[in-house]
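Peer 1: How does the following fold in three dimensions:
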Amino acid sequence: MCGLAGFLNFENNELLAKNAGQLQQHRGPDAQKIWQHENIALSHQRLSIIDLDARSDQPFVKNGFVIIFNGEIYNYKELQTMLLQEDPTIDFLTTSDTEVLLELYKTKKEKCLDDLIGMFAFAIYEIETGKLFIARDHFGIKPMFYTQIDNRFAFSSELKTLVNIPGFDKTLNMDAFVGAMNYLWIPGNQTMFSSCHKLPPAHYMTVDTRALLPIPNLYSYWELNTKATITDENQAIEAFSKQMEETIQRHMVADVPVSSFLSGGLDSSLISVMASKINPSLSTYTIAVSVKDKKVELMPEDEKYARQLAKQFQFDHHELEIVPDIIKALPDIVYTLDEPIGDPAAINTYLICREARSKGVKVLLSGMGADEILFGYRRQKATLIAERFKRLPDFIRSPFKFITKKLPVKSAGKGRKITRWAKRFLSFAELPTEEAYMKSYSYYSEPELKQLFKTDIGNSYNNLRTQHSNYFNKNYTGDTINQICYTDINMFMVGLNLTYTDRASMAASVEVRVPFIDKEVISLAMQINGSLKFKKKQSKYILKKVAEKYLPKKIIYRPKASFGAPIRSWISGDLKQMVDDLLSKERVEKRNIFNYEFIKKMINDDREGREDNAYKIYQLLTVELWLKAYIDH
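Peer 2: Next comes the predicted model:
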């Protein structure tokens with residue numbers, strides 16, 4: 001796991017490459033090096049995990065090819081064997097996956113991507129031809145930003161590396177901005193700047209560095225299997241269990257110890273127990289929340305379940321209570337994340353990775369992805385319930401709506417979770433299915449979003465709707481559950497979960513591996529019919545049946561708990577003064593982006609317990625802090 005950057009046709013390529021090494025040093029504290037040739041300079045920051053020797057430092061140069069690589073190729077040993085069978089004369093100088101990847105590219109060019117199982121973003125430069133080849137993994141686990149400025153081209157692992165290069169255009173991208181407010185994260189492959197983009201998952205690009213205008217050409221190299229052919233429960237259990245065992249085995253490959261997140265929930269518990277069969281001395285890390293914050297948030301006691309599992313399976317267990325100086329931490333995490341992300345789970349991720357790193361851990365396994373591919377979120381289930389709600393007679397629905405609207409979401413300093421859920425449910429329950437699902441994880445209705453912004457955002461909102469509709473209706477017609485899963489894989493998983501996980505973990509110089517987001521695992525999961533993902537009123541039904549072979553039932557069938565932070569407690573407590581300062585009338589009107597009166601009402605409704613607006617207020621804070629960090633400076 002590393003950081004990388006490249007600069008083409010700038011007057012100061014070498015200096016920009018050195019600056020990139022400093023800006024991204026947290027991604028690779030073990031070595032920072034650059035390579036320059038003619039009109040191009042490449043920069044790499046190394047976190048040594050496979051072949052710790054300096055011989056595997058990058059940029060790695062061999063036989064006229066140069067590679068900079070971020071990620072892991074989990075099947076690199078098999079690929080090396082295959083290469084040697086085809087050409088026994090290949091002389092491997094290292095035991096790294098980097099060199100295997102380079103030799104595979106030399107042999108197969110872009111077709112090398114067909115063989116890769118892993119997470120990756122890499123660039124290969126051909127010295128003789130001047131061709132630059134850049135690729136990103138199947139689901140966008142690893143980041144890749146790029147920008148073109150006239151005849152100059154640059155790419156990097158982090159947006160902050162590109163923002164201050166000569167000529168970078170800071171014009172805001174309103175489509176991305178509207179998406180960031182609606183979802184609390186940016187969907188798709190846009191950034192907050194119109195001039196900068198993300199290489200889409202499962203894509204590669206080529207650049208002719210010797211052309212007068214080196215324009216990047218983008219190509220798709222893979223698409224997710226789209227036929228849910230597995231309808232037999234026993235077949236699904238057996239196939240998924242076998243695939244997970246193989247995947248965990250691959251994800252344990254490293255020349256440093258591999259540890260695991262352990263929330264006490266189904267997904268991380270299954271990953272940890274499977275990993276412990278390969279490494280019996282597995283270290284696990286859990287995050288806990290203070291009693292005070294739990295009262296407002298009504299958060300479950302995840303650490304209790306994690307403790308029980310760790311004791312049963314004899315993990316080397318570590319528990320960290322969240323007591324961050326949130327006032328100090330928030331500006332730092334906003335800068336770290338590169339874009340406004342209104343999910344405070346990023347803070348949790350950073351804290352737990354920092355704690356693990358302080359104990360010498362470089363690699364952590366995560367259970368992320370299971371909810372997206374196997375139907376585990378409450379909002380997914382709620383969308384199905386809404387289908388039945390719409391069929392109820394009006395004399396039942398109307399009183400429920402009337403009463404719920406009047407109920408407070410907080411009273412006497414204590415949150416009312418059921419009321420929050422009921423209000424959220426009613427915000428989409430009577431909409432058509434696809435529209436209902438988009439609204440289930442949107443934080444504004446279309447009219448509200450238009451009231452929030454001072455300028456006309458009609459086109460941007462329409463683009464947002466079209467994007468969501470295209471994913472929802474692309475595949476799995478007649479299988480609503482898999483339509484939802486497919487949408488979440490392409491939007492929520494990529495846009496939020498993988499984004500904040502990479503940036504927050506790498507800020508602490510820790511690699512997070514995500515076995516559920518393995519190419520083979522997701523391909524299999526999306527062959528399983530939706531009727532086996534939600535069955536007998538159980539979300540993730542098929543995963544729970546798989547887990548019965550490994551975990552105690554009290555872990556498998558415990559109530560669903562999110563990997564979150566006590567955001568409501570923070571907004572009403574520690575961050576209250578920051579809200580008043582950063583979202584004051586003077587500040588908001590000076591920005592001339594949002595309508596102050598709308599924000600003021602939102603804050604008042606939250607403080608008086610009428611509505612649950614904590615996440616919306618938190619995102620407004622992150623936006624203001626982001627604007628200060630990325631626009632004002």
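
Peer 1: Please report phi then psi for residue 408.
Peer 2: phi -80, psi 160 (degrees, to the nearest 10).

Peer 1: which residues touch residue 33?
Peer 2: 21, 43-44, 46, 57-59 (C-beta atoms under 8 Å, 6 or more residues apart in numbering). Heads up, the C-betas are built off the backbone N, CA and C, glycines and all.

Peer 1: for those residues, which one is nearest residue 348?
Peer 2: Closest approach between the contacts of residue 33 and residue 348, by C-beta to C-beta: residue 46, at 26.4 Å.

Peer 1: Just give me the neighbour total for that closest one.
Peer 2: Counted by other C-beta atoms under 10 Å, the residues lying close to residue 46 total 26.

Peer 1: Same question for the one 5 residues further on.
Peer 2: By the other C-beta under 10 Å criterion, the neighbourhood of residue 51 contains 16 residues.

Peer 1: Okay, the residue of the chain most remote from its centre and residue 579: tell me how far apart.
Peer 2: When distances are taken from the C-alpha mean of the chain, residue 395 lies farthest, 42.7 Å away, according to C-alpha atoms, centre = their mean. Distance, residue 395 to residue 579, by C-beta to C-beta, to the nearest Å: 42 Å.

Peer 1: What is the nearest of the contacts of residue 33 to residue 174?
Peer 2: The nearest one, if we look at those relative to residue 174 and count by C-beta to C-beta, is residue 43, at 31.5 Å.

Peer 1: May I have the strands that pair with the helix or strand that contains that closest one, each with its orientation?
Peer 2: Assigned by DSSP states H and E, residue 43 belongs to strand 40-46. Using DSSP bridges, the strands paired with strand 40-46 in its sheet are strand 2-8 (antiparallel), strand 31-37 (antiparallel).

Peer 1: what mean pLDDT does the first one have?
Peer 2: Across strand 2-8, pLDDT averages out at 97.

Peer 1: Run the chain-centre distance for it.
Peer 2: Distance of strand 2-8 from the chain centroid (C-alpha atoms, centre = their mean, to the nearest Å) equals 21 Å.

Peer 1: measure residue 507 to residue 77 for me?
Peer 2: Taken as C-beta to C-beta, the span from residue 507 to residue 77 is 30 Å.

Peer 1: right, and the helix or strand after the lowest-mean-pLDDT helix or strand in the chain?
Peer 2: In the chain, the helix or strand scored least confidently by mean pLDDT, DSSP states H and E is helix 291-297, which has a mean of 55. Counting by DSSP H and E, the next helix or strand C-terminal to helix 291-297 is helix 302-313.

Peer 1: buried residues in stretch 144-163?
Peer 2: 144-149, 152-163 (16 or more other C-beta atoms under 10 Å).

Peer 1: In which helix or strand does the residue nearest to the spatial centre of the chain reside?
Peer 2: Nearest to the mean C-alpha position of the chain, by C-alpha atoms, centre = their mean, lies residue 498 at 1.5 Å. With secondary structure defined by DSSP H and E, residue 498 is part of helix 498-507.

Peer 1: neighbouring contacts of that helix?
Peer 2: 1, 3, 26-27, 47, 139-143, 158, 185, 333, 336-339, 341, 343, 345-347, 349-350, 353, 364, 366, 368, 511-512, 514, 517.

Peer 1: Ok, stretch 315-329 next?
Peer 2: By C-beta under 8 Å, 6+ apart, stretch 315-329 touches 260, 262, 272, 276, 281-290, 293, 303, 306-307, 309-311, 347-348, 351-352, 355-356, 359, 565-566, 570, 574-575, 577-578.

Peer 1: what separates that stretch from the chain centre, distance-wise?
Peer 2: What separates the centre of stretch 315-329 from the centre of its chain is 20 Å, taken as C-alpha atoms, centre = their mean.

Peer 1: Where does pLDDT dip in this protein?
Peer 2: For the chain, the stretches with pLDDT under 70 are 290-300, 322, 411-415, 562-564.

Peer 1: Domains in it, by residue range?
Peer 2: 2-220, 233-375+481-556 (automatic domain parsing).

Peer 1: Now, the buried residues of stretch 144-163 that are in strands?
Peer 2: Applying DSSP state E to the buried residues of stretch 144-163, the entries found in strands are 145-149, 152-156.

Peer 1: Would you mind putting the contacts of residue 33 into TSV with distance to residue 268 alongside?
Peer 2: As requested, the contacts of residue 33 are arranged in TSV below (distance: C-beta to C-beta, whole Å):
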residue	distance to residue 268
21	34
43	34
44	31
46	28
57	33
58	31
59	36
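
Peer 1: any idea how far stretch 368-380 is from the chain center?
Peer 2: The gap between the average C-alpha position of stretch 368-380 and the chain average comes to 14 Å, counting by C-alpha atoms, centre = their mean.

Peer 1: Over to stretch 552-562?
Peer 2: 23 Å.

Peer 1: what does stretch 214-232 give?
Peer 2: Averaging C-alpha positions (C-alpha atoms, centre = their mean) puts stretch 214-232 19 Å from its chain's average.

Peer 1: Just the buried positions in that stretch, please.
Peer 2: 214, 216, 221-222, 224, 228, 230.

Peer 1: Let's see it as CSV, backbone CA atoms only.
Peer 2: Provided in CSV are the C-alpha atoms of stretch 214-232 (Å, rounded to 0.1, in the frame of the first residue of the first chain):
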residue,chain,number,x,y,z
PRO,A,214,-1.2,14.3,-24.4
ILE,A,215,-4.9,13.5,-23.9
PRO,A,216,-5.8,10.6,-21.7
ASN,A,217,-7.9,7.9,-23.4
LEU,A,218,-10.1,5.9,-21.0
TYR,A,219,-11.2,2.2,-21.5
SER,A,220,-13.3,-0.1,-19.5
TYR,A,221,-11.6,-3.5,-18.9
TRP,A,222,-14.2,-5.4,-16.8
GLU,A,223,-17.9,-5.4,-15.8
LEU,A,224,-19.6,-7.1,-12.9
ASN,A,225,-21.5,-10.4,-13.8
THR,A,226,-25.2,-9.5,-14.0
LYS,A,227,-27.1,-12.8,-13.8
ALA,A,228,-28.4,-14.1,-10.5
THR,A,229,-28.6,-17.8,-11.4
ILE,A,230,-28.1,-19.4,-8.0
THR,A,231,-31.5,-20.1,-6.4
ASP,A,232,-30.7,-23.2,-4.3
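
Peer 1: quick one: contacts of that stretch?
Peer 2: Contacting residues not belonging to stretch 214-232 are listed as 8-9, 110, 113-114, 134-135, 138, 146, 148, 151, 153, 199-200, 202-208, 236, 239, 474-476, 479, 482, 486, 489, 519, 522-523, 526-532 [C-beta under 8 Å, 6+ apart].

Peer 1: could you give the angle of the helix holding residue 498 to strand 40-46?
Peer 2: Helix 498-507 runs at 70 degrees relative to strand 40-46, counting by axes from the mean of the first three to the mean of the last three C-alpha atoms, to 10 degrees.

Peer 1: Kindly export helix 498-507 (C-alpha atoms) in CSV.
Peer 2: Written as CSV, here are the backbone C-alpha positions of helix 498-507 (Å, rounded to 0.1, in the frame of the first residue of the first chain):
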residue,chain,number,x,y,z
LEU,A,498,-14.1,2.8,0.1
THR,A,499,-13.3,6.5,-0.2
TYR,A,500,-13.1,7.4,3.5
THR,A,501,-11.5,4.1,4.4
ASP,A,502,-8.6,4.5,2.1
ARG,A,503,-7.9,8.1,3.0
ALA,A,504,-8.4,7.8,6.7
SER,A,505,-6.4,4.6,7.1
MET,A,506,-3.6,5.8,4.9
ALA,A,507,-3.4,9.0,6.9
